[in-house]
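> show me how the following folds:
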Amino acid sequence: MNPDISVILPTYNRTKPLVAAMESVLAQSYGDLELIVVDDASSDDVASVVKGFADARVRYIRRGKNGGAGAARNTGLAAARGRLIAFQDSDDLWLPGKLERQVAFFDTLSDDVRVVIGGKIVYGRDPQFRYGAGKVAHAPPPNSRLRLDEDQLGHLLAENRISVQNALFRRDCMPDLGWFDECLRANEDWEFAVRLVQQTRVFEDIEPVVLGFISADSISTNRRRQLMGEFRILRKNGRVLAARRLDRSRLRIGIAIGLYNSGKKRSAMRFLLAGLRDRPANVAAVVRSLARRLARVLVNATLAAPQPHSER
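A predicted model of the protein is given here:
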């Protein structure tokens, strides 16, 4: 008999936190599950760690080539047997009752709501995305909860509220099992979320169900990789965004700020100007004024900086 829930846990060279991450899944009060650990071609001995669990619900898959979290999750999806899908990370902990709580929500929701998400307590950064020891945040911020009766695509284009570790998915929420963009090494969950809400509605419960830990080598802190995810959102949703110019403007200006902070001033200027062109005529004058001021700052910084022969 197939399990009710397939839990997919990708890991790469993180055997130390892996044990606790697996234990937090297997200790769930809702126990009708399989835990699929996908080893993304690690150089350390993930297989021995997994074999240490004398639990028939645990399955181990090793990829022959490292492909990143998105590729590893897709590998797990291809092997999953459950009607519901959940994801865990090797450095996160599920809180007790996560699955039971989220399955209970599905029993009260209409069939067109095929995703339930919860909150996460994140250690290692604060609400202003400043990273470091002793900092803590609730993610996503509880004051901007995703509502069933709103434009969920617009909300998700403005901010990602779907961290896959916090969620429970009906298996049929997407038309195929290649859910994640395997070209991305960061922000693949946001890119996925933007496509997801074009297929289904999402219910958000703001109660925390996961503890997350950000380390110095976490992809959450790698701005260059995050920017690649934002580029892919812009490129892959071009047809949808053509009819949503304000959303496209926000994305482009957000990328411009990220590029500027990364030292790519000329590229930042291109995205800023494209974002300003997308602003509809009735945008508040104060927004236009602030944007012009930012443009002048970028122009002055660009003119004052040494001009490289090329950008890499």
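
> which helix or strand contains the spatially most central residue of the chain?
With distances taken as CA atoms, centre = their mean, D189 lies nearest the centre of the chain, 2.8 Å away. Taking DSSP states H and E as the criterion, D189 maps to helix 188-196.

> check R59 too.
strand 58-62.

> likewise for G82?
Per DSSP H and E, there is no helix or strand for G82.

> tell me the contacts of the residue lying closest to it once chain neighbours are set aside?
Distances taken as CB to CB, 6 or more residues apart in numbering put S6 closest to G82, at 3.6 Å, once the chain neighbours are dropped. Any C-beta I mention is one placed from the backbone N, CA and C, and that applies to glycine too. By CB atoms under 8 Å, 6 or more residues apart in numbering, S6 lies in contact with 33-34, 36, 76, 80-82, 84-86.

> same thing but 7 Å
S6 is in contact with 34, 36, 80-82, 85, counting by CB atoms under 7 Å, 6 or more residues apart in numbering.

> so how do I select the buried members of those in ChimeraX?
Written as a ChimeraX command, the selection of buried residues from the contacts of S6, which uses 16 or more other CB atoms under 10 Å, is:
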select :34,36,80,82,85
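
> could you dump the contacts of S6 into CSV and include pLDDT?
Listed next are the contacts of S6 as CSV, based on pLDDT from 0 to 100:
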residue, pLDDT
E34, 99
I36, 99
A80, 97
R81, 97
G82, 98
I85, 98
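
> out of the contacts of S6, the closest to F213 would be?
The closest of those to F213 turns out to be I36 (CB to CB; 21.8 Å).

> pull the distance from whatever helix or strand that closest one lives in to the chain's centre.
Using DSSP H and E, I36 sits within strand 33-39. Centroid separation for strand 33-39 versus its chain: 19 Å, with CA atoms, centre = their mean, to the nearest Å.

> and the helix or strand just after that strand, which residues are buried?
As assigned by DSSP H and E, the chain's next helix or strand after strand 33-39 is helix 46-51. Neighbour counts over helix 46-51 (16+ other CB under 10 Å) mark 46, 49-50 as buried.

> could I get those as TSV with distance to V202 and pLDDT?
Formatted as TSV, these follow (distance: CB to CB, whole Å; pLDDT from 0 to 100):
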residue	distance to V202	pLDDT
V46	32	97
V49	33	96
V50	31	97
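
> distance to E207 for those residues - can I get that in JSON lines?
Formatted as JSON lines, the buried residues of helix 46-51 follow (distance: CB to CB, whole Å):
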{"residue": "V46", "distance to E207": "32"}
{"residue": "V49", "distance to E207": "30"}
{"residue": "V50", "distance to E207": "30"}
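
> quick check, nearest of those residues to E230?
Once CB to CB is applied, the member of those that ends up nearest E230 is V46, at 30.9 Å.

> need the contact list for the closest one.
Neighbouring residues of V46 by CB under 7 Å, 6+ apart: 11, 15, 18, 39.

> mind redoing it with 6 Å?
11, 15, 39 (CB atoms under 6 Å, 6 or more residues apart in numbering).

> please pick the buried ones from those residues.
11, 15, 39.
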